[in-house]
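S.K.: Dropping the sequence and predicted coords here.
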Amino acid sequence: MPLAPSVPHTLAAGASHTSSAPSASSSTEKSAQTVSSVDWDTLRHNFPILCQQIHGQPLAYLDNAASSQKPNAVIESIDHYYRHDNANVHRGIYTLSERATQAYEATRDKVQAFINAAQREEIIFVRGTTEAINLVAQSFARPRLKPGDEILISAMEHHSNIVPWQMVCEQTGAQLRVVPINDNAEIVLADYRQLLNKNTRLVAVTHISNALGSINPVQEMIALAHQQGIPVLLDGAQAAPHLVVDVQALDCDFYAFSSHKIYGPTGIGVLYGKRSWLDAMPPYQGGGDMISSVSFEKTQYNVLPYKFEAGTPHIAGVVGFGTALDYVSDIGLDNIAAREQQLLNYATQALSPLEGLRIIGTAQHKASIISFVLEAAHPHDISTILDQQGVAIRAGHHCAMPVMERFKVPATARASLAFYNNEEDIDRLAEGIKEVNRIFAGV
């Protein structure tokens, strides 16, 4: 299926916050630059889980904002590691350990290229976005905060970008301030400007909302914060799979994202931090591999990035993550963004006319997430009926309860799209919602 020649307007706003990152290899770079059309149907068959039936119906998986599915290449790379290279990293002077270490550290280089970090030492492996944010809260923010200081977040944050800051505020006497969002689910920049002040010690905002799909104007928000010397953390869990992220162009101080949303394994993620900040931060956890020497009197910490990577890491996860980054880079994030925008437009047109359906989150710049409510049925009922038809969506508060309060709904149903979805998946979603209406409202 041919692609649009450039990233459409909705995603272009997010893409304008970044510039293209170098690819992990010259072949990947060539592929991403020259592909003008992609056989999306063939790519769909790279994902074995999508080739099954649920309740006698082909699976239409529409919960990609929660976790994406894994291509054969990722599954096979993890299998290969366990069958051929399984050993601890950094510690063994023998072939298996050396191979494992090489594969592990190769992924760090791939991540550096994927987000265009200045140095590989700025790439810290963590369990996921949640741990990355907690690391910054406890290692960066907590030692610097005192009563009267402020941390600024937005009203559309995931709980992982709320609770760690609440905890550190309780520990230090600092205050959490919240930037409001409008009825379209867009950050109110005028209020953001007013909330930035001499007491603000950190801004922590999502790049793309998991519950609303809104793409935030993070480039402008970072610039405004930096004018007052305020560092900025971006929660990139939803952005990294869908947009080209260039941390140097963004000039963010920290960027956090997870492997499992980028077609890689669960239990592994990344904290990017500017080296000047990371060098000054104490370790988050103590143990093996984060030390250079230990005595009962004193411990000398290891150099970056290992200072923050205590204990045996999720080696197989890191190896699989590296393969996932290769896979995405071979397709090209610009291509992925264009395809997902096509699907978002198609889904919006398919769902909007349905009886009693209201979309929650109508930002001008939006990624491939549609949250909605239906007059006739609770989101849990919607999800249950759709599951009987082989359609998998999320229902609930999406770890964003303040968003639900803002829009005065108890929960939403959420369909989130990836490049391997197709128009048939969306048609089946729409037909399923019609069935919900027939059951609950007789229409």
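M.R.: Received it, and whenever you're ready, just let me know what you need.

S.K.: Give me the pLDDT for residue 364.
M.R.: Predicted confidence (pLDDT) at residue 364: the value is 95.

S.K.: now do the one 4 residues further on
M.R.: Note for residue 368: predicted pLDDT of 97.

S.K.: for residue 22, same thing?
M.R.: What the model reports as pLDDT for residue 22 is 34.

S.K.: Could you do residue 443 as well?
M.R.: 74.

S.K.: Repeat that for residue 285.
M.R.: 80.

S.K.: which ones are touching the residue nearest to residue 216 when sequence neighbours are not counted?
M.R.: Leaving aside its sequence neighbours, residue 216 sits nearest to residue 187 (CB to CB, 6 or more residues apart in numbering; 5.5 Å). (C-beta placed from N, C-alpha, C; glycine too.) With contacts defined as CB atoms under 8 Å, 6 or more residues apart in numbering, residue 187 is in contact with 154, 156, 179, 180, 181, 205, 214, 216, 217, 221.

S.K.: Who is residue 187 paired with across the strands?
M.R.: In this structure, residue 187 bridges to residue 181 when assessed by DSSP bridges.

S.K.: buried stuff in whichever helix or strand residue 426 is part of?
M.R.: In this assignment (DSSP states H and E), residue 426 forms part of helix 423-441. For helix 423-441, the neighbour count (16 or more other CB atoms under 10 Å) marks 425, 426, 428, 429, 430, 432, 433, 436, 437, 440 as buried.

S.K.: ok, so of those, who is nearest residue 91?
M.R.: residue 425 (45.8 Å; CB to CB).

S.K.: Double-check the closest one against residue 64; I have them as touching.
M.R.: No: counting by CB atoms under 8 Å, residue 425 stays clear of residue 64, with 10.9 Å between them.

S.K.: what about residue 83, neighbour count?
M.R.: 8 (other CB atoms under 10 Å).

S.K.: what's the answer for residue 139, then?
M.R.: Quick note: residue 139 (other CB under 10 Å) scores 21 neighbours.

S.K.: Just to check, residue 155 is in contact with residue 183?
M.R.: No: if you go by CB under 8 Å, residue 155 and residue 183 don't touch, sitting 11.9 Å apart.

S.K.: Please parse this structure into its domains.
M.R.: What automatic domain parsing lists as the domains of the chain is 9-70+331-436, 76-328.

S.K.: what's the burial count for residue 102?
M.R.: By other CB under 10 Å, neighbour count at residue 102 equals 11.

S.K.: And it, how close does it get to residue 315?
M.R.: 11 Å (CB to CB, to the nearest Å).

S.K.: And for residue 88?
M.R.: 7 Å.

S.K.: how many neighbours does residue 364 have?
M.R.: Residues near residue 364, counting by other CB under 10 Å, number 11.

S.K.: Give the helix, strand or coil label for it.
M.R.: Secondary structure for residue 364, judged by DSSP: H, G, I helix; E, B strand; the rest coil, is coil.

S.K.: Now it: phi and psi?
M.R.: phi -60, psi -40 (degrees, to the nearest 10).

S.K.: I figured it was touching residue 184, is that so?
M.R.: Yes: judged on CB under 8 Å, residue 364 makes contact with residue 184 at a distance of 7.2 Å.

S.K.: circling back to that earlier point, tell me which of residue 155 and residue 183 has more neighbours.
M.R.: Neighbour comparison, residue 155 and residue 183: the larger count goes to residue 155, with 20 against 8 (by other CB under 10 Å).

S.K.: residue contacts, the residue lying closest to that one once chain neighbours are set aside?
M.R.: Excluding the flanking residues, the one nearest residue 155 by CB to CB, 6+ apart is residue 181, at 4.7 Å. Contacts for residue 181 (CB under 8 Å, 6+ apart) come out as 154, 155, 156, 187, 188, 214, 406.

S.K.: Counting neighbours, which of these end up buried?
M.R.: 154, 155, 156, 187, 214, 406.

S.K.: Next one: the fourth one from residue 364, what distance?
M.R.: Okay, so that is residue 187. 12 Å.

S.K.: which residues do the two both contact?
M.R.: In contact with both residue 187 and residue 364: no residue, using CB under 8 Å, 6+ apart.

S.K.: Can you pull the poorly scored residue ranges out of this structure?
M.R.: Scanning the chain for pLDDT under 70 picks out 1-36, 288, 291, 293-295.

S.K.: ok, now with 90
M.R.: 1-37, 90-93, 284-306, 309-312, 396, 400, 441-443 (pLDDT under 90).

S.K.: looking at it, which residue lies furthest from center?
M.R.: residue 297 (41.4 Å; CA atoms, centre = their mean).
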